[in-house]
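Chemist: My questions concern the predicted model and sequence given below.
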Amino acid sequence: MAPDATPIGELEDGRVATVRGRVRRAIRAIEGPDGVDCVYYDRGDAEEDARPDLEAFWLEDDTGRVLIPAEFRVQGGDLTQQDHIDVIDADVQQVSARLTDLKREVRDAQTRDIQRFRKLRVEQDALKELATVLCCIRAQANGNVHGGKGTLESQAEFIRTRGEALHAEGHALRSIELALSIRQQVIAIGDEVVVEAAFREAPMPAGLGAMGGYRDRPTCLQARARAVGKPIQVTATTESHAAAVMEERARAEARANPKPRPPAPSGRSVSQPTSGASPAQIAGAVLLAAMVGFYLYLIM
């Protein structure tokens, strides 16, 4: 039992509480990714009036069960635009601060420790790309294109491909996780969730097999809004089985159909490794690198 969670069997009519348990089918289920039965499925449609599909469900723990009607909101699935932008801005500040420190460290290491210098430059290049992706994510959240070049569709594809690569490389920033996961969110039957609500004894819905009129139906404990403006709140506590299915499917598709890096919408191109250079080209590149290094040494 989670801290501060009330056992369902101890709930009383009219009590506001937090409970924790497993999702069980009530009336019907939603067909989610790969046929997984869900009670909440947000496909991540971009339209402003798009709404997730949701169904009522039973929440069970070792002491009992309570009915959660299809009037709930999912924590993390209802971020406002400003919430999203605040998260992005915090990540941008974090990356910018590190880039500022790196500039000083690179300058100090340039003439003292060439191996450390090279390592720092690799980190610096990666963070510069990360900063570009964050700027694109922020622009996308505002319905704009970073740098004014390209389209929202090409920018979304750039965020997806580069965001997945950066996340896999260990840059697990909240902005990137939101950009990658906000497209689809699910709560599947069997998932563990926490529910914050008021709980009241009420007649069972007709769809649960209850017979008779409203006044004659058997009753059960049901979740209700805690107050005006405070709806039933559902928070997943474990990775959804359906989410795991989607992630594994995406990885399998990426392995089967690797994609080249698309150009950044701002017009900056992401560098790609080259091969097959001639000795003359290599010598020229070495000379150019030496000249650039000397120039940086003079101006830093």
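Modeler: Everything's here; your move.

Chemist: got the domain boundaries for the protein?
Modeler: Following automatic domain parsing, the chain resolves into domains at 8-79+183-238, 81-181+251-299.

Chemist: what does the average pLDDT come to for the last one?
Modeler: For domain 81-181+251-299, the mean pLDDT works out to 75.

Chemist: ok so, going back, for the domains of the chain, give me a markdown table that also has mean neighbour count.
Modeler: C-beta here means a position set from N, CA and C on the backbone, and glycine is covered the same way. Below are the domains of the chain laid out as a markdown table (neighbours: other Cβ atoms under 10 Å):
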| stretch | mean neighbour count |
| --- | --- |
| domain 8-79+183-238 | 17 |
| domain 81-181+251-299 | 14 |
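
Chemist: pLDDT score for Ile187?
Modeler: For Ile187, the pLDDT comes out at 90.

Chemist: I'd like the distance between it and Ala26.
Modeler: For Ile187, the distance to Ala26 equals 13 Å [Cβ to Cβ, to the nearest Å].

Chemist: Pull the contacting residues for Val19.
Modeler: Listed by Cβ atoms under 8 Å, 6 or more residues apart in numbering, the contact partners of Val19 are 5-8, 11, 59, 61, 66, 194-195, 199.

Chemist: if we go to 10 Å?
Modeler: Val19 is in contact with 1-2, 5-8, 10-11, 59-61, 63-66, 68, 193-197, 199, 223, counting by Cβ atoms under 10 Å, 6 or more residues apart in numbering.

Chemist: so where does it fall, helix or strand?
Modeler: strand 15-25 (DSSP states H and E).

Chemist: next one: Asp89
Modeler: helix 81-109.

Chemist: try His167
Modeler: helix 152-168.

Chemist: and what of Thr235?
Modeler: Using DSSP H and E, Thr235 sits within strand 232-236.

Chemist: That strand packs against which elements?
Modeler: Under the contact definition 3 or more Cβ pairs under 10 Å, 6 or more residues apart in numbering; DSSP states H and E, strand 232-236 sits against strand 15-25, strand 37-42, strand 72-74, strand 185-188, strand 192-203, strand 219-224.

Chemist: Quick one: residues contacting Tyr40.
Modeler: Residues in contact with Tyr40, defined by Cβ under 10 Å, 6+ apart, are 23, 30, 32, 52-55, 57, 70, 72-74, 77, 185-188, 191, 193, 234, 236, 240, 242.

Chemist: Look up how far Val16 lies from it.
Modeler: 22 Å.

Chemist: Ok, Asp89 next?
Modeler: 34 Å.

Chemist: distance between the ends of stretch 8-19?
Modeler: From its first residue to its last, stretch 8-19 covers 6 Å (Cα to Cα, to the nearest Å).

Chemist: heads up, I number from 278, so please use that
Modeler: Sure, I'll start counting at 278 from here, so that last one is stretch 285-296.

Chemist: can you tell me which residues contact Arg301?
Modeler: Contacts of Arg301 by Cβ under 10 Å, 6+ apart are 316, 334-337, 342, 345, 466-467.

Chemist: How about Glu478: what's its closest non-neighbour residue?
Modeler: In this structure, Glu478 finds its nearest non-sequential neighbour in Asp290, 4.5 Å apart by Cβ to Cβ, 6 or more residues apart in numbering.

Chemist: Nice, that's everything, thank you.
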